[in-house]
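S.K.: Provide a 3D model corresponding to the input given below.
(chains A and B)
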Amino acid sequence: MRIVVCAKQVLDPDAVNSYAVAGRLEIGEDGRSITQAAIPRLMNAYDEQAIEAALRIRDGGIDCTIAVVSAGPDQAEVLKQAAALGADEIAQITCDPAAIDHHVVARLLRAYVEHTGGADLILCGRQASDDDQGVVPALLGEWLGMPVITVARAVALDDNIVRVTRVTPDAEEVVETTLPAVVTISNELGVPRYPSTAGRIAARRMQASVLLPADLGLGDDDLEPAAVVLKQFVPAVQGNCEFLNGDSPAGLAAALVARLRADQVLL
Amino acid sequence: MSVVVCTFAVGDNADLAAELLTLARRLASDAGTDLRWLVAGPAHPESLQKTGAEYGVSAIDHINSPEVVPVAPDVSVEALAQYCASRPSETLLMSQTFDARLVAPRLAARLNAAVVMNALDLESDGITLRVTTSAYGGDTRAVYEVAATPRIIGVLPNATSPETVEGPAPVVELVDVDLSKVEERIAVVERREEEGPRLEDAQIIVAGGRGLGSADKFALVEELAAALGGMAAASRPIVDEGWAPRAQQIGLTGKIARPALYIAAGISGASQHMAGCAAAKTIVAINRDADAPIFRHARYGIVGDCLEVLSELTKAVR
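M.R.: Below is the predicted model of the structure:
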């Protein structure tokens, strides 16, 4: 059983939020990149949960190899963390960062799976916290001919069947499909583990296999992005908040109810 | 450039279709082209024509097959792929519902099309498409340029306010698709439906966040919601803590609501959360921290202890 987990590095979304809210988020001269050096780089939290889902499958006694793969620049830290958590293999696909969009990433990952022994189960985070696109798992699954199950809170394997508990807006459901399959993991999976000290030490000895697009049989056409980010900006929020005054919580409550009635928001 | 709006008769409600058609009409008129509307699933042709006329649609294509529902991704992708093969178009727009979040990119992969999700606005010069999307949980907007065709765009709910126009009733053309060879590969073995009213339909919502301090205080949120005849909701952090059920989570990864009144108690107003409630007509924020970002979105603000204010508000409306 080979489990492939796709992971990537993002800017810490909480730090981006703090800077954005304070009106101090810096966009670089290219008009599209956030340039603050002070914002930490982390593994995308949903991808961390995807690794956790793989580790729980292994903890459950399934004999499996866990391969964590990352495409694009600056992925060394993510892969080191994956190794420390217990990945059996780590792989980095490098290519010109200018040429990376979600279509290219999905093509690189597809080629990785096809060229490195396939996959019985592919686990991905439900989306990346930077672009929020969440399309790579669907592209990957469709191109590989695998069914795609989204937003999992639990994943279990039973022979060649994967059983997934997923959180939909109006139900919690358990679904099944036959492997191979792609499953995307949501935060409802729960808090992922930290690497152990032994894991960290072992990870120092693990080398990532570094692959170029050409190693995976991809040519220039495959690296042509279809959607290019032209610019990025912080949206303006119209602040017209009227702060209510009152000498007590009861006074504040009365003032609010009076306003809402005057506006006919409350009858 | 041709623009096709795709909606599901079952799965996309009338509001979503109205928003999407409004956005698409503007795009089509920018690009100097007609607007086609593809409806997948059972629907009455007359009601489609009526809606089509209201939103300036020039032609309606109808896949009148009851099995084409977005919760059935294999069937939906196959049906839409057959449609796209028989009537090629450059830009196809879908409402980004929970299920469309999978159907749209899978269809794109099938067609070798470009795909961009989380769209809030679209612009075209007739050739390239510029898609303004929400990124970083709503903290930023990323503008994508998509030159490749075909392209499939997922548009976020509440991105536009519907606007009707007077137009002639469009012709409805039935589109045949052959779904005999496609079988859903994913089987639902167990399903527990959420019961009762939906946050998406609520007119009044009272939501609580970390500022409540502890799980038992969520009752104060529920009491005020009940007193107002509304629904209680929660931010993601307290749902993760187990203080409130998952079904009540408002935000990017929860429910996207559009109530007349949204009272946020002890919620700081992270973009993640605001993505689920920013379209509320009136937002009231109660927070100890006068600098909390929620106040930038609020019409009325109360700086103070949300527990005390919640109980006093409940008394005041009772």
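S.K.: strands along the stretch 201-318 of chain B, start to end?
M.R.: B:204-208, B:231-234, B:261-265, B:282-287, B:300-303 (DSSP state E, counting those that start in this stretch).
S.K.: now the angle from the fourth one to strand B:204-208?
M.R.: What it means is strand B:282-287. Strand B:282-287 runs at 20 degrees relative to strand B:204-208, counting by axes from the mean of the first three to the mean of the last three CA atoms, to 10 degrees.
S.K.: reformat the strands of the stretch 201-318 of chain B as CSV; add mean neighbour count and distance to chain A.
M.R.: Using the backbone N, CA and C atoms, a C-beta is placed for each residue, glycine as well. Putting the strands of the stretch 201-318 of chain B into CSV (neighbours: other CB atoms under 10 Å in any protein chain shown; distance: least, CB to the nearest CB, whole Å) gives the following:
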stretch, mean neighbour count, distance to chain A
strand B:204-208, 28, 8
strand B:231-234, 26, 13
strand B:261-265, 28, 5
strand B:282-287, 26, 5
strand B:300-303, 22, 5
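S.K.: can you put the ones you listed in a markdown table and add mean pLDDT?
M.R.: Conversion of the strands of the stretch 201-318 of chain B to a markdown table gives the following (pLDDT from 0 to 100):
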| stretch | mean pLDDT |
| --- | --- |
| strand B:204-208 | 97 |
| strand B:231-234 | 97 |
| strand B:261-265 | 97 |
| strand B:282-287 | 96 |
| strand B:300-303 | 95 |
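S.K.: where do the strands sit along the stretch 51-200 of chain A?
M.R.: Under DSSP E, counting those that start in this stretch, the stretch 51-200 of chain A gives strands at A:65-71, A:89-93, A:121-125, A:148-158, A:161-168, A:171-178, A:181-185.
S.K.: make TSV out of these and add mean pLDDT, mean neighbour count and distance to B:Gly304.
M.R.: Formatted as TSV, the strands of the stretch 51-200 of chain A follow (pLDDT from 0 to 100; neighbours: other CB atoms under 10 Å in any protein chain shown; distance: least, CB to CB, whole Å):
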stretch	mean pLDDT	mean neighbour count	distance to B:Gly304
strand A:65-71	97	25	47
strand A:89-93	96	21	51
strand A:121-125	98	27	38
strand A:148-158	96	20	36
strand A:161-168	94	20	34
strand A:171-178	93	17	37
strand A:181-185	98	27	39
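S.K.: residue 258 - how many residues pack around it?
M.R.: Looking at chain A here, since you left the chain open. 13 (other CB atoms under 10 Å in any protein chain shown).
S.K.: not what I meant, chain B
M.R.: Count around B:Arg258 with other CB under 10 Å applied: 20.
S.K.: which residues touch A:Val135?
M.R.: A:His102, A:Ala106, B:Ala104, B:Pro105, B:Ala108, B:Val115, B:Met117 (CB atoms under 8 Å, 6 or more residues apart in numbering or on different chains).
S.K.: again with A:Val21
M.R.: B:Asp139, B:Ala270, B:Pro293.
S.K.: repeat for A:Cys6
M.R.: Contacts of A:Cys6 by CB under 8 Å, 6+ apart are A:47, A:50, A:68-71, A:109, A:122-125, A:136-137, A:140.
S.K.: again, 6 Å this time
M.R.: A:Val69, A:Leu109, A:Cys124 (CB atoms under 6 Å, 6 or more residues apart in numbering or on different chains).
S.K.: what about the helices in the stretch 1-150 of chain A?
M.R.: A:13-21, A:45-59, A:76-85, A:102-115, A:136-144 (DSSP state H, counting those that start in this stretch).
S.K.: right, I mislabeled it, should have said chain B
M.R.: B:14-31, B:45-54, B:73-86, B:100-111, B:218-227, B:236-241, B:271-274, B:294-297, B:306-317 (DSSP state H).
S.K.: how about the ones you listed in a markdown table, adding mean neighbour count?
M.R.: Below are the helices of chain B laid out as a markdown table (neighbours: other CB atoms under 10 Å in any protein chain shown):
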| stretch | mean neighbour count |
| --- | --- |
| helix B:14-31 | 21 |
| helix B:45-54 | 17 |
| helix B:73-86 | 20 |
| helix B:100-111 | 26 |
| helix B:218-227 | 20 |
| helix B:236-241 | 19 |
| helix B:271-274 | 26 |
| helix B:294-297 | 23 |
| helix B:306-317 | 22 |
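S.K.: redo the contacts of A:Val135 as a markdown table? Include distance to A:Ala15 and pLDDT.
M.R.: Output for the contacts of A:Val135, formatted as a markdown table (distance: CB to CB, whole Å; pLDDT from 0 to 100):
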| residue | distance to A:Ala15 | pLDDT |
| --- | --- | --- |
| A:His102 | 23 | 95 |
| A:Ala106 | 27 | 97 |
| B:Ala104 | 30 | 98 |
| B:Pro105 | 28 | 98 |
| B:Ala108 | 32 | 98 |
| B:Val115 | 29 | 98 |
| B:Met117 | 24 | 98 |
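S.K.: from these, pick the one nearest A:Leu266.
M.R.: Set against A:Leu266, the nearest of these by CB to CB is B:Met117 (36.8 Å).
S.K.: A:Val136 is in contact with that closest one, correct?
M.R.: No. Counting by CB atoms under 6 Å, B:Met117 stays clear of A:Val136, with 11.0 Å between them.
S.K.: quick one: common contacting residues for these two?
M.R.: Joint contacts of B:Met117 and A:Val136 (CB under 6 Å, 6+ apart) do not exist.
S.K.: show me what contacts the residue lying closest to B:Ala24 once chain neighbours are set aside?
M.R.: With sequence-adjacent residues excluded and distances taken as CB to CB, 6 or more residues apart in numbering or on different chains, B:Ala24 is closest to B:Val5, at 4.5 Å. Listed by CB under 6 Å, 6+ apart, the contact set of B:Val5 reads B:Leu20, B:Leu21, B:Ala24, B:Trp37, B:Leu93.
S.K.: which pLDDT value belongs to the last one?
M.R.: As predicted, B:Leu93 sits at a pLDDT of 97.
S.K.: around chain A, pick out the residues from the stretch 1-150 of chain B.
M.R.: Within the stretch 1-150 of chain B, the positions adjacent to chain A are B:98, B:102, B:105-106, B:109-110, B:114-118, B:135-136, B:139-146, B:148 by CB under 6 Å from any CB of the partner chain.
S.K.: nope, the stretch 151-300 of chain B is what I was after
M.R.: B:185-194, B:261, B:270, B:282, B:293, B:295-296, B:298, B:300.
S.K.: report the buried members of these.
M.R.: B:Arg185, B:Ile186, B:Glu194, B:Leu261, B:Ala270, B:Thr282, B:Pro293, B:Phe295, B:Arg296, B:Ala298, B:Tyr300 (16 or more other CB atoms under 10 Å in any protein chain shown).
S.K.: ok, the second one - contacts?
M.R.: With contacts defined as CB under 6 Å, 6+ apart, the neighbours of B:Ile186 are A:Pro147, A:Val175, A:Thr177.
S.K.: same question for A:Leu79.
M.R.: Contacts of A:Leu79 (CB under 6 Å, 6+ apart): A:Ser70, A:Ile90, A:Gln92, A:Ala208.
S.K.: run the last query once more with 7 Å
M.R.: A:Val68, A:Ser70, A:Ile90, A:Gln92, A:Ala208 (CB atoms under 7 Å, 6 or more residues apart in numbering or on different chains).
S.K.: and for A:Val5?
M.R.: Per CB under 7 Å, 6+ apart, neighbours of A:Val5: A:Ala50, A:Ile51, A:Ala54, A:Ile66, A:Val68, A:Leu123.
S.K.: do A:Trp143 as well
M.R.: Contacts of A:Trp143 (CB under 7 Å, 6+ apart): A:Arg110, B:Ala109.
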